[in-house]
Each structure stands twice: as C-alpha cells, then as structure tokens.
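Enquirer: Predicted structure and sequence below. I'll ask about it afterward.
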Amino acid sequence: DGGITQSPKYLFRKEGQNVTLSCEQNLNHDAMYWYRQDPGQGLRLIYYSQIVNDFQKGDIAEGYSVSREKKESFPLTVTSAQKNPTAFYLCASSIGTRVYGNTIYFGEGSWLTVV
Amino acid sequence: DAKTTQPPSMDCAEGRAANLPCNHSTISGNEYVYWYRQIHSQGPQYIIHGLKNNETNEMASLIITEDRKSSTLILPHATLRDTAVYYCIARSNTGNQFYFGTGTSLTVIP
C-alpha cells in the first residue's frame, strides 16, 4: 500500500533523553513535514523539507532536529532541550511545497510521553 | 494564507446531511480552500479542496460562495463514523505549510 508510515505509535521517554521518531513515505513526494499536536489544539509545524538534504524550521523548531538524507525518510529527533515534549507528532508529505493546489497527506501519528 | 473561522462544535443526526461552514473573508485569488478531518488519535484525512467552482467526490461536496468569502462542506448522509474534527484551510501555492486551526468538532448522533 502507498502511504506514510510512522513508528513507533507510542513511545515513552525519560527526562533528559533524546528520542527519534521515524517517518517513511513511498508516495515519491518531494516535500515532507513534521507537526506537533497538543490535546484539544490544532497542528503546529516543527520542520519541513522541500527536497533531499534540505530542511527549514517551522514555527516551533526549538528542541527538535531533523535530517533528510533520503527522499522517502524524514526522521525527527526530540532532544532533551525540548521542555514539554509530551504530545502527538504527525508526519506528512506532499508533491511539493509550492505546487499549485497540491494536497498534503498524513501518517497515523506517534504519541510521545515523557515519564 | 487567509485566516479561516469555523464554529467550534456541531451536532448532526445520523442519516441526515451535515453542513459545516467556514468563513475565509480575506481569501485571495490564488488560495485554495481545503478540508481535512481528524478522528481522535489519528492523522488528519484529506477530504476535498477547491478554488472557485463547487466540487464533489465520493466523500463530500464543497460549496464555495461566488465571492469566495465562505464555503460549506456537505456530508450528504452522515454516519457515526463521520464523528471527527473538521478543519477548513485556505492556502496559496506560495505557502510552505498548511495552517490547521482548532476546527469544528462534529458529533453524529444516532
């Protein structure tokens, strides 16, 4: 099946630890995104990438890092510098960020809880 | 990208049409209107999008007013599985992201 796969679905992290969330897509999309969602809130953009080996900060990039070494993969690392990391994390992709009328598609999300 | 305004919540009887409004009074000529929905603890699901003309697909219909300042998403025969948060987004091709507000929480009642 074509789509976006996020793993793990649920993750627990101790304070002070870094954790990496995986995102893989087989849609041959150039652009990929990471959003964060807190309970009862909308989605906020963390990072996005328009092409391999390039990525840009979104609205809430502090405490997060990403890489884009392959077109199909866009992992997100939540570092110990992120003060409130407990949230629902969503990965998404689209054909391109500046394609007229293009659509963004989402993975199923990953729940991160700091214990 | 234009700001959109949606009612925070709505109810709809099962089997009836659900009409979800969205106001985007500052929309510009090159901004599409997109609708997504999110069921609790899942990723948002694309529903439909349009620029000027009304659009219909297997999930829903999108009615955009002639002045493009508002739109309505229509689920023709709502089922319990349509209970979700529905997001209306206005986005241009020069934007780098999709802005999701808090949407409308639709509850389909048996």
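Expert: Structure's in. What do you need?

Enquirer: A:S80 reaches A:E15, doesn't it?
Expert: Yes: A:S80 lies in contact with A:E15 (Cβ atoms under 8 Å); the separation is 7.5 Å. For glycine as for every other residue, the C-beta is placed from the backbone atoms N, C-alpha and C.

Enquirer: So which of those two has more stuff around it?
Expert: A count of neighbours by other Cβ atoms under 10 Å in any protein chain shown puts A:S80 above the other of A:S80 and A:E15, at 15 against 8.

Enquirer: In three-state terms, how would B:R81 be classified?
Expert: Of the three states, B:R81 takes helix under DSSP: H, G, I helix; E, B strand; the rest coil.

Enquirer: so who does it touch?
Expert: B:V108 (Cβ atoms under 8 Å, 6 or more residues apart in numbering or on different chains).

Enquirer: Ok, the one 5 residues further on next?
Expert: When contacts are counted by Cβ under 8 Å, 6+ apart, B:Y86 touches B:Q6, B:L20, B:W35, B:Y36, B:R37, B:I47, B:L73, B:G103, B:T104, B:S105, B:L106.

Enquirer: residues from chain A in reach of chain B?
Expert: Taking Cβ under 8 Å from any Cβ of the partner chain as the contact definition, chain A meets chain B at A:4, A:6, A:33, A:35, A:40-43, A:45, A:48, A:50, A:56, A:58, A:88, A:90, A:92, A:97-109, A:111.

Enquirer: In strands, which of the residues you listed appear?
Expert: Using DSSP state E, A:4, A:6, A:33, A:35, A:43, A:45, A:48, A:50, A:56, A:88, A:90, A:92, A:105-106, A:111 are the members of the residues of chain A next to chain B that sit in strands.

Enquirer: If you rank every helix and strand of chain B by mean pLDDT, what lands last?
Expert: strand B:84-92 (a mean of 90; mean pLDDT, DSSP states H and E).

Enquirer: Quick check, pLDDT for the spatially most central residue of chain A.
Expert: For chain A, the residue sitting closest to the mean C-alpha position, by Cα atoms, centre = their mean, is A:W34 at 2.7 Å. Here, the pLDDT recorded for A:W34 equals 96.

Enquirer: Next up, the contacts around it.
Expert: A:23, A:45-48, A:58, A:64, A:66, A:74, A:76, A:89-92.
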